[in-house]
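Novice: the amino acid sequence is not available; the structure is as follows:
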């Protein structure tokens, strides 16, 4: 069935291409991310958990793991560390005793807001690397093809949370302006 | 100067967007990659080093590190393990005594060819996730905006090697057809 509209070779070359590209892009993002969060003594997983908890406004550990693309055990272990630092709080809900919920604390929110304020204190190679496209097209690239692939792999709810979290950042900055 | 054509907020939201997308894409690629290479007892770094050595046809460890987006020490340590398995050979060149060169051995080449032959024995979520675009547009997406960002970050020579390696795969399969 698959062979009806593409050859195995074509699919393999495409897949090898995207593997190289996504590794290079992710390694650049990872480096930027690490430099940004280093002063706050967080690793990427911890920061990502805080970020998701902030934007989801109350999520189960499984949801955090899903939207953070990490194992449930990773999400749980790092959430515990964030709880010990008073940045995250665990809770159970009467309507749903099976799941553990995490919620960012006021201290966690303050930390995240401070981090956004200092965002441009560290270099962001991805922003620098996109400037020429911003000049050319008048806006930053939207990566619609990447988004389509991710939507197909992770599902509509993943993209919905993604868009919501980006919209939240946008709005929280409008409020503060 | 930067502020002349985009706001700090705009840049930050763009950067957060690309961070989420590239993490999700890379995690899917990583999972596919790991499943593919698992039967051959290689990790991603080892396979990537073999892959680069195959396509560069004689490279220094620094070049392998650069094009594989890994630390030089990582490239060196995993190259040693590949050498112990007879898949890679180290050499010095008379014209350049300072650098250590790595070259894939015939045994390493045979292994890589075998791996390509068995490429579709494991699932590739990225190919599956791109099928609808292939149907819609008649071809797989090209990610030209991602390539432009990567070119700006890593330089023209990085993209040149990238294109050469993809072309090599293409040609080696044409030969075998």
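Specialist: Received it, and whenever you're ready, just let me know what you need. Note that the coordinates shown come from a computational prediction; the quantities given were computed from them, not determined experimentally. Numbers count the residues shown, from 1 in each chain, chains lettered A, B, ... in the order given.
Novice: from the contact counts, what lies against the top helix by length along chain A?
Specialist: For chain A, the longest helix by residue count, based on DSSP state H, is helix A:8-37. Packing partners of helix A:8-37 (3 or more C-beta pairs under 8 Å, 6 or more residues apart in numbering or on different chains; DSSP states H and E): helix A:44-56, helix A:125-128, helix B:8-37, helix B:125-128, helix B:144-154, helix B:156-176. Using the backbone N, CA and C atoms, a C-beta is placed for each residue, glycine as well.
Novice: who's in contact with the fifth one?
Specialist: Contacts made with helix B:144-154 from outside it, assessed by C-beta atoms under 8 Å, 6 or more residues apart in numbering or on different chains, are listed as A:21, A:24-25, A:28, A:125-126, A:128-133, A:141-143, A:146, B:18, B:69, B:158-159.
Novice: how about a cut-off of 7 Å?
Specialist: A:21, A:24-25, A:28, A:125-126, A:129-130, A:132-133, A:141, A:143, A:146, B:159 (C-beta atoms under 7 Å, 6 or more residues apart in numbering or on different chains).
Novice: doesn't residue A:99 lie inside a helix?
Specialist: No - according to DSSP: H, G, I helix; E, B strand; the rest coil, residue A:99 belongs to no helix; its state is strand.
Novice: the least confident helix or strand in chain A by mean pLDDT near chain B at all?
Specialist: Taking mean pLDDT, DSSP states H and E as the measure, chain A has helix A:156-176 as its least confident helix or strand, at a mean of 82. Yes - judged by C-beta under 7 Å from any C-beta of the partner chain, helix A:156-176 and chain B are in contact via A:162, A:166, A:169-170, A:173.
Novice: how far off helix A:144-154 does that helix point, in degrees?
Specialist: Orientation of helix A:156-176 against helix A:144-154 (axes from the mean of the first three to the mean of the last three C-alpha atoms, to 10 degrees) gives an angle of 130 degrees.
Novice: buried ones in helix A:156-176, by neighbour count?
Specialist: Neighbour-count burial for helix A:156-176 flags A:158-159, A:161-162, A:165-166, A:169, A:173 (criterion: 16 or more other C-beta atoms under 10 Å in any protein chain shown).
Novice: now do the phi/psi pair for residue A:155.
Specialist: Residue A:155 adopts backbone torsions of phi 100, psi 160, taken as degrees, to the nearest 10.
Novice: what does residue A:140 give?
Specialist: phi -70, psi 150.
Novice: neighbours around it, how many?
Specialist: Number of residues near residue A:140 (other C-beta atoms under 10 Å in any protein chain shown) recorded here: 22.
Novice: now it: how far from chain B?
Specialist: Taking C-beta to the nearest C-beta, to the nearest Å as the measure, residue A:140 falls 4 Å from chain B.
Novice: is it correct that residue A:100 is in contact with residue A:89?
Specialist: No - using C-beta atoms under 7 Å as the test, residue A:100 is too far from residue A:89 to be in contact (10.8 Å).
Novice: picking up where we left off before, quick one: which of the helices and strands packed on helix A:8-37 is nearest residue B:75?
Specialist: Checking these against residue B:75 by C-beta to C-beta gives helix B:156-176 as the closest, at 14.3 Å.
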